[in-house]
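A.B. asks: need a 3D model of the following:
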Amino acid sequence: MNKFNDFDDAFKVKLLEVFSFTINFLEEHNLTWWVAGGTMLGAVRHKNIIPWDDDIDIMMPREDYNKLLSLKNLFPPKYQLKSAHDNFYFKSISKICDTETTIWERRRDPDSFGVFVDIFPLDQFSYSFEEYCKKYQRYYRIKRKFELSKSRYSIAEMFDNIKNNKKGALLDGVLSIMYPYSKSEKYRREYIAIEQMFNDGDGRFTVSPTGAYGTKEFFKSSWFEETIQMDFAHLRVNVPKEYDKYLTMMYGNYMKLPPVEKRITHHAHFYVNLLAKKTISEILTDLKNNKNYIYK
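C.D. replies: Okay, the predicted model is just below:
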């Protein structure tokens, strides 16, 4: 069963609440931001979240992103900013989370967080795409160490990956053994030391190394020189004026809808609770006693 068919409305109402808070906070502190990836595509093509999508992404220049991290103590209790600089947080992607809800993305993850908006820093890069690719390989190796050291694949899951020829997931499981949890804080420090390695300050190109599309997220800085606003559900969002060039690079003919069979989410939400914040032990109790993965 595709669980996202069951809770779209309730989840998206909560997601837009987090997004509304995020926009207000960024504007209050004069921070530059734009919607990113599928969220930008949603604004342009649907004026809303893509109907079969379930997340919101924004991107910020590195300087503004760093300032946002420095303001985390100003967040009200209902919201929390999580980043790689936080203990026991295992992702390179920063998130603004609703602290009164729960998402456990994958059972192998060591922790959960609330309904969230993803925040991606943009770096200015002065050199060629080829040079970026070379540097990105080093960055990616260190990032993967940090993220996979927190993952715990069960023996049953490993055998399932072998049985179903899930090569990528199988490799992740092997690497999670090679990068032990006991060294995860060491890997975190290594990642923090290189997370700004692409930022030249005034480069011809703009890159998003933490983005899901890897080296594909390599843009001309001129595309971000002007900003326009678009409708997004009941909100107004910032979009680069050259959004057509950005979206064409990312998605090709982006105004054409994908085939029906491909209109599915690609994000993992193993357990969702829109009513309360739960610890991992409490989630496991819910799953054992009620066999549910969603509470709304």
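
A.B. asks: need the single longest strand in the chain, by residues.
C.D. replies: strand 116-125 (DSSP state E).

A.B. asks: parallel or antiparallel, list what pairs with that strand.
C.D. replies: Using DSSP bridges, strand 116-125 pairs in its sheet with strand 57-61 (parallel), strand 94-98 (antiparallel), strand 205-207 (antiparallel).

A.B. asks: and the next element down the chain from the shortest one?
C.D. replies: This means strand 205-207. Moving toward the C-terminus from strand 205-207, the first helix or strand encountered (DSSP states H and E) is strand 218-220.

A.B. asks: okay, buried residues for that following strand please.
C.D. replies: Residues 218-219 are the ones in strand 218-220 that count as buried (16 or more other Cβ atoms under 10 Å). The C-beta positions use only the backbone N, C-alpha and C, and glycine is treated the same way.

A.B. asks: residues contacting that strand, please?
C.D. replies: For strand 218-220, the external contacting residues (Cβ atoms under 8 Å, 6 or more residues apart in numbering) are 125, 129, 132, 204-207, 245-246, 249.

A.B. asks: from the contact counts, what lies against the helix or strand following the longest strand of the chain?
C.D. replies: Downstream of strand 116-125, the first helix or strand assigned by DSSP H and E is helix 129-148. Of the remaining helices and strands, those touching helix 129-148 by 3 or more Cβ pairs under 8 Å, 6 or more residues apart in numbering; DSSP states H and E are helix 167-178, helix 184-194, strand 205-207.

A.B. asks: turn the strands paired with strand 116-125 into TSV, including mean pLDDT and distance to Ala43.
C.D. replies: Formatted as TSV, the strands paired with strand 116-125 follow (pLDDT from 0 to 100; distance: least, Cβ to Cβ, whole Å):
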stretch	mean pLDDT	distance to Ala43
strand 57-61	98	11
strand 94-98	98	18
strand 205-207	97	19
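
A.B. asks: nearest to Leu74, of these?
C.D. replies: Closest approach to Leu74 among the strands paired with strand 116-125 (Cβ to Cβ): strand 94-98, 12.2 Å.

A.B. asks: how about residues contacting that closest one?
C.D. replies: By Cβ under 8 Å, 6+ apart, the list of residues contacting strand 94-98 reads 14, 17-18, 21-22, 25, 65, 69, 75, 78-84, 113-121.

A.B. asks: the inter-axis angle of the longest strand of the chain versus helix 129-148?
C.D. replies: 150 degrees (axes from the mean of the first three to the mean of the last three Cα atoms, to 10 degrees).

A.B. asks: mind checking which of the contacts of strand 94-98 land in strands?
C.D. replies: 79-82, 116-121.

A.B. asks: most neighbours among the residues you listed, please name it.
C.D. replies: For the ones in strands among the contacts of strand 94-98, counting by other Cβ atoms under 10 Å, the largest number of neighbours falls to Pro121: 27 neighbours.

A.B. asks: what residues does the closest residue to Glu190 other than its chain neighbours make contact with?
C.D. replies: The shortest distance from Glu190 to any non-neighbouring residue, by Cβ to Cβ, 6 or more residues apart in numbering, is to Ile142 (5.3 Å). Neighbouring residues of Ile142 by Cβ under 8 Å, 6+ apart: 187, 190-191, 194.

A.B. asks: same deal with Ile56?
C.D. replies: By Cβ under 8 Å, 6+ apart, the contact set of Ile56 is 15, 18-19, 35, 39, 49, 117-118.

A.B. asks: filter those residues down to just the ones in helices.
C.D. replies: Cross-referencing the contacts of Ile56 against helices under DSSP state H gives 15, 18-19, 39.
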